[in-house]
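Undergrad: Quick one, what's the 3D model for this:
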Amino acid sequence: MREDSLVITKCARVEGLLYVTGDTGLTVNQLVSVTSLSKNRIELSLKKLNQRFSNDDDCPFQLLNIHGRYQLITKKALNVDIQRYFKNTHTSILTSAALETLTIIAYNQPVTRIEVDDIRGVNSSVTIEKLLRQKLIKKAGRKKTLGNPIMFKTTDEFLNLFGLKNIKQLPKIKK
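TA: Purely as a prediction, here's the structure:
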């Protein structure tokens with residue numbers, strides 16, 4: 001195997017981890033811990049990803065570093081399309097992903113996005129953003145744990161949508 005293909009594989013590992021962590025992002029030390037790659041290799045991979053994203057007009061991502069936490073975000077040039085997508089009335093209905101996420105939040109509230117992701121098995125960032133915009137969920141403070149992630153809970157609009165007077169009226173589920 002050529003050295004170039006090893007670097008690509010390592011970059012892909014870093015990129016994949018940044019993708020699934022969404023707006024939480026990861027520090028270099030967290031990437032080192034998860035991948036067992038050296039700090040230098042992680043930093044090289046982050047540099048290569050940043051260069052690739054910056055130089056490729058067909059790539060929708062850019063790498064953001066906020067206080068040592070790296071995350072993937074969409075390029076600003078896509079903002080108009082993304083805003084139009086979220087304002088479109090056809091996207092405001094509850095998809096199966098939204099309903100699944102909303103159910104998890106309702107039965108486990110308050111709950112963090114990572115906890116929702118663990119139950120669903122996929123990244124729920126976009127779905128949670130849509131539910132926040134639809135005012136079906138709201139932020140419920142921060143969990144007193146590593147990273148202080150935001151917790152979410154359902155709203156009165158959620159109760160109204162499903163004809164409930166309070167959250168205790170949710171149907172009981174079997175474990």
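Undergrad: I figured I150 was touching R113, is that so?
TA: Yes - using CB atoms under 8 Å, I150 is in contact with R113, at 7.1 Å. For the C-beta atoms, the positions are set from N, CA and C on the backbone; glycine is no exception.
Undergrad: Contacts for stretch 166-175, please.
TA: Where contact means CB atoms under 8 Å, 6 or more residues apart in numbering, the residues beyond stretch 166-175 that reach it are 106-107, 109, 154, 159, 164.
Undergrad: Turn those into CSV, including pLDDT and distance to D118.
TA: Written out in CSV, the entries for these read as follows (pLDDT from 0 to 100; distance: CB to CB, whole Å):
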residue, pLDDT, distance to D118
A106, 96, 16
Y107, 95, 14
Q109, 95, 15
T154, 96, 19
L159, 87, 26
L164, 83, 26
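Undergrad: Out of these, list just those in helices.
TA: Assigned to helices by DSSP state H, the following of those qualify: 106-107, 159.
Undergrad: show me what contacts the closest residue to I73 other than its chain neighbours?
TA: Nearest-residue entry for I73: L64, 5.0 Å, with adjacent residues in sequence omitted and distances by CB to CB, 6 or more residues apart in numbering. Contacts of L64 were listed using CB under 8 Å, 6+ apart, and they are 25, 70-73.
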